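> Got a predicted structure here, sequence first:
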Amino acid sequence: MDPTMLILIAILLAVMFFMSSRTRKQQREAAEFRNNITAGTKVMTASGMIGTVIDVDESTDQVTIESFPGSPTTWLRAAISKKVEEPVADDVDTDDEADESDVTEESETASTIRPDATDVPDDLSDLDTAKREYQEQQRRDADADGK
């Protein structure tokens with residue numbers, strides 16, 4: 001047998017081993033997470049429902065999740081896919097307030113549309129007219145600059 005063929009087979013086997021070991025590790029971590037779920041943990045199911053764990057029944061291997069107050073649902077423990085982390089509030093995000101005050105100081109409305117803005121048609125029916133008006137405006141501007 002050719003030595004390069006043996007090297008390729010060895011590399012293929014090594015890659016398969018490392019891929020399967022990574023998958024086994026992920027499965028172990030997921031099973032460990034599911035076994036350590038406690039009440040009050042915010043989780044997401046495999047189908048995408050997000051809620052807070054309110055009860056864990058060890059005997060039936062079921063978890064009761066409440067997505068809205070007063071609406072508990074019961075799920076198999078295996079259906080829980082991951083823990084949902086709460087977003088951290090940004091203390092630095094005060095730029096929006098400053099931007100809004102700038103807009104209201106400049107005009108009476110909070111509109112961001114400039115008075116000289118070009119009106120873009122919603123459909124293609126006015127596209128030729130808009131193009132013609134634009135070209136006419138360009139000619140008028142060129143004539144005004146040339147005089």
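In hand now; what should we look at?
> Met44: what secondary structure?
strand (DSSP: H, G, I helix; E, B strand; the rest coil).
> Relative to Ser81, how far out is it?
From Met44 over to Ser81 the distance is 6 Å, taken as Cβ to Cβ, to the nearest Å. Quick note: C-beta positions are derived from backbone N, CA and C, even for glycine.
> Off-centre distance for the helix or strand containing Ala142?
Using DSSP states H and E, Ala142 sits within helix 127-146. Offset of helix 127-146 from its chain centre (Cα atoms, centre = their mean, to the nearest Å): 43 Å.
> average model confidence for it?
For helix 127-146, mean pLDDT rounds to 82.
> In that helix, which residues are buried?
For helix 127-146, burial by neighbour count (16 or more other Cβ atoms under 10 Å) applies to no residue.
> so what's Ile65 up against?
By Cβ atoms under 8 Å, 6 or more residues apart in numbering, the contact set of Ile65 is Val43, Thr45, Met49, Gly51, Thr52, Val53, Ile54, Pro72, Thr73, Thr74, Trp75.
> Quick check: it is in a strand.
Yes - secondary structure of Ile65 (three-state DSSP): part of a strand.
> Quick check, pLDDT for it.
Note on Ile65: pLDDT of 93.
> One more: Arg114?
72.
> Helix or strand with the lowest mean pLDDT in the chain?
Each helix and strand of the chain was given a mean pLDDT (mean pLDDT, DSSP states H and E); the minimum falls on helix 95-106 at a mean of 53.
> Give me the buried positions along the longest helix seen in the chain.
Taking DSSP state H as the assignment, the helix of the chain that covers the most residues is helix 3-35. For helix 3-35, a neighbour-count test (16+ other Cβ under 10 Å) marks Arg34 as buried.
> same deal with stretch 48-64?
Buried residues in stretch 48-64 (16+ other Cβ under 10 Å): Gly51, Thr52, Val53, Val56, Val63, Thr64.
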